[in-house]
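[1] Prediction below, plus the sequence it came from.
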Amino acid sequence: MRVVKEPLFHFFLIGAAIFVWFHIVSPKTDGVVDPETIAIGESDAALLALQFEARWKRQPSDAELKALVDASIREEVLVREARKLGLDRGDSVIRSRLSQKMDFLTEAIATSIVPEDKDLEAFLQQNSERYATPNKVAFTQVFLGEEPSDVEIEGALVALRAKQENSDWQSATLLPASMPLTATKVIDSVFGTGFSKGLTNLEEGQWMGPIQSGYGVHLVQVLDVEPSQIPPLPEIHSEVLRDWRRAMSEDLARAQYETLADNYQIIAPDLADQSK
């Protein structure tokens, strides 16, 4: 797969794909094509019938198929006459569509490449932050109100550590008393931004605090912590493959453009000088 990284190999693939594509879609003729001749063959009619069936879930009748062929001929006549008049030049819609078709060819090439697992593993390690699981924390909390005094906080800590059943120092709240292993961003969505940061350095199994939330002050007992980790490739193979192919498509498109652009003398204004 290392050869796939070489731009020359990319260009070969692009050229071969374009050649094959045009060979497939071009009409098959044995002699010289008359530019004023429009030929709709049996294969063209069969393709129109397939398109009709895919849309309407049934085969077209003879009259419907004839209407499709007539419409195709009409379209070809108008397209050719429009080109003679130069109506395709300077049309942003047509230009954009042609540009998109070139990009589609490149994307098709990237999709057809089957990388080895070592290539996907390397891509995974190079983009590990994209696939890393979030930090998760499981905890129990007690809400002490918006502004409890130091004496109240200390008294609540002593009571909780001694496992005393006394709710005098607790304040009423609709916040959950405990949460299982939960992603930190989800915890912050419940308790307010930044609350999860106060949990990361707490000793597990011990009542600690105070921890400030968006609602007030809490005492927290962290029950479990699951740090962020990179899943093994087999668990996220399809996701990594999709991203690898997307990145490959972008590399191919860039290499293709640079190669094609070298065939032209490009003259453009120096905008840097104009901005001075």
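    Alright, I've got the coordinates.
[2] Please make it C-alpha for all contacts and neighbour counts, starting now.
    Fine.
[3] neighbouring contacts of the helix or strand residue 83 falls within?
    Assigning secondary structure by DSSP states H and E places residue 83 in helix 62-84. Defining contact as CA atoms under 8 Å, 6 or more residues apart in numbering, one finds that helix 62-84 is touched by 38, 40, 45, 48-49, 88.
[4] Show me what the helix or strand just after it packs onto, helices and strands only.
    Using DSSP H and E, the helix or strand that follows helix 62-84 in sequence is helix 92-112. Here helix 92-112 touches helix 7-25, helix 237-261, going by 3 or more CA pairs under 8 Å, 6 or more residues apart in numbering; DSSP states H and E.
[5] report the angle between the axes of helix 92-112 and helix 237-261?
    Relative orientation of helix 92-112 versus helix 237-261 (axes from the mean of the first three to the mean of the last three CA atoms, to 10 degrees): 130 degrees.
[6] Now do the following helix or strand past helix 92-112: which elements does it pack against?
    Where DSSP H and E defines the elements, the next helix or strand beyond helix 92-112 is helix 117-126. Packing partners of helix 117-126 (3+ CA pairs under 8 Å, 6+ apart): helix 237-261.
[7] for the stretch 101-250 of the chain, which spans come out with low pLDDT?
    In the predicted model of the stretch 101-250 of the chain, residues 165-169 satisfy pLDDT under 70.
[8] can you rerun that using 80?
    Low-confidence segments of the stretch 101-250 of the chain (pLDDT under 80): 102-103, 105-113, 164-172.
[9] Would you map the strands across it?
    Using DSSP state E, counting those that start in this stretch, the strands assigned to the stretch 101-250 of the chain run over residues 136-145, 178-183, 207-212, 217-226.
[10] May I have the last one as PDB, with CA atoms only?
    Yep, that's strand 217-226 we're talking about. Extracted as PDB, the C-alpha positions of strand 217-226 are listed here (Å, rounded to 0.1, in the frame of the first residue of the first chain):
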ATOM      1  CA  VAL A 217     -22.000  24.000  46.000                       C
ATOM      2  CA  HIS A 218     -21.800  20.200  46.100                       C
ATOM      3  CA  LEU A 219     -19.900  17.500  48.000                       C
ATOM      4  CA  VAL A 220     -19.000  14.700  45.700                       C
ATOM      5  CA  GLN A 221     -18.000  11.000  46.100                       C
ATOM      6  CA  VAL A 222     -16.400   9.700  43.000                       C
ATOM      7  CA  LEU A 223     -17.300   6.100  42.500                       C
ATOM      8  CA  ASP A 224     -15.400   5.200  39.300                       C
ATOM      9  CA  VAL A 225     -13.400   6.800  36.600                       C
ATOM     10  CA  GLU A 226     -12.900   5.700  33.000                       C
END
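[11] For it, what is the distance to the chain centroid?
    35 Å (CA atoms, centre = their mean, to the nearest Å).
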